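>>> what would the 3D arrangement of this be:
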Amino acid sequence: MTLSFNIFGSEAAQILSAMQAASFDRDSGQAWSEPEIATLLHSPGVEALVGSEGHDPAGFLLSRRVGEEAEILSICVVPPHRRKTVGHQLIEQFCHRADSVGVREIWLEVNEIGRAHV
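Numbering: from 1, shown residues only. You can find the predicted model right below:
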C-alpha cells in the first residue's frame, strides 16, 4: 500500500479524534477527545502527519518539535489499514521530515499497552 502524506493542524482535530476512537480501546484512556487534540495542535511545534490511501485516511502520527528534538505524541493506524505497513510508512516519512528540519533526536514514550506494538 502506497500512501500520500499531508500535514494538518487543529482543523483536523475531529477526524484525528475519530481515528483514535476507532483504533484504541475506549477504557484504556489512550484516545484523546477532539478538544484535547485541537489544543495540542494549537501548541507551538505540534503537527499531525496523516497518511491516506486515496481519500481514505489510514493513520496519523502526532508530533512535537522543539529545536533539534522531536517527540512522537501518538501514532494511530485505523483497523482496516493495519498490517499493511501504514505505521512503518508514517514513521519513515516523519523521520525524513524531521531530518530535513534539523532534528537530531526523536523521542517516543511507550506505555505498557503500547509496548507490545513497538
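
>>> what about the strands in the protein?
4-8, 46-53, 56-66, 69-77, 105-108 (DSSP state E).

>>> got a markdown table for those, with distance to Gln20 too?
Every residue, glycine included, has its C-beta placed from N, CA and C. A markdown table is the format used below for these (distance: least, Cβ to Cβ, whole Å):
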| stretch | distance to Gln20 |
| --- | --- |
| strand 4-8 | 14 |
| strand 46-53 | 11 |
| strand 56-66 | 9 |
| strand 69-77 | 5 |
| strand 105-108 | 17 |
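
>>> out of those, the one nearest Ala31 is which?
strand 69-77 (8.7 Å; Cβ to Cβ).

>>> tell me, how many residues neighbour the nearest residue in space to Ala13 that is not next to it in sequence?
For Ala13, ignoring the flanking residues on the chain, the nearest one in space by Cβ to Cβ, 6 or more residues apart in numbering is Ala38 at 3.8 Å. By other Cβ atoms under 10 Å, 18 other residues sit near Ala38.

>>> ok, longest helix in the protein?
helix 86-100 (DSSP state H).

>>> angle of that helix against strand 4-8?
Angle of helix 86-100 versus strand 4-8, following axes from the mean of the first three to the mean of the last three Cα atoms, to 10 degrees, is 60 degrees.

>>> and helix 86-100, how far out from the chain's middle?
The chain centroid and the centroid of helix 86-100 are separated by 10 Å under Cα atoms, centre = their mean, to the nearest Å.

>>> for it, C-alpha coordinates in CSV please.
Extracted in CSV, the C-alpha atoms of helix 86-100 (Å, rounded to 0.1, in the frame of the first residue of the first chain):
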residue,chain,number,x,y,z
VAL,A,86,1.0,2.1,7.3
GLY,A,87,2.7,2.6,10.7
HIS,A,88,6.1,1.9,9.1
GLN,A,89,5.5,4.5,6.4
LEU,A,90,4.3,7.1,8.8
ILE,A,91,7.4,6.7,11.0
GLU,A,92,9.7,6.7,7.9
GLN,A,93,8.0,9.9,6.5
PHE,A,94,8.2,11.6,9.9
CYS,A,95,11.9,10.8,10.2
HIS,A,96,12.7,12.2,6.8
ARG,A,97,10.7,15.4,7.6
ALA,A,98,12.4,15.7,11.0
ASP,A,99,15.9,15.2,9.4
SER,A,100,15.1,17.9,6.8
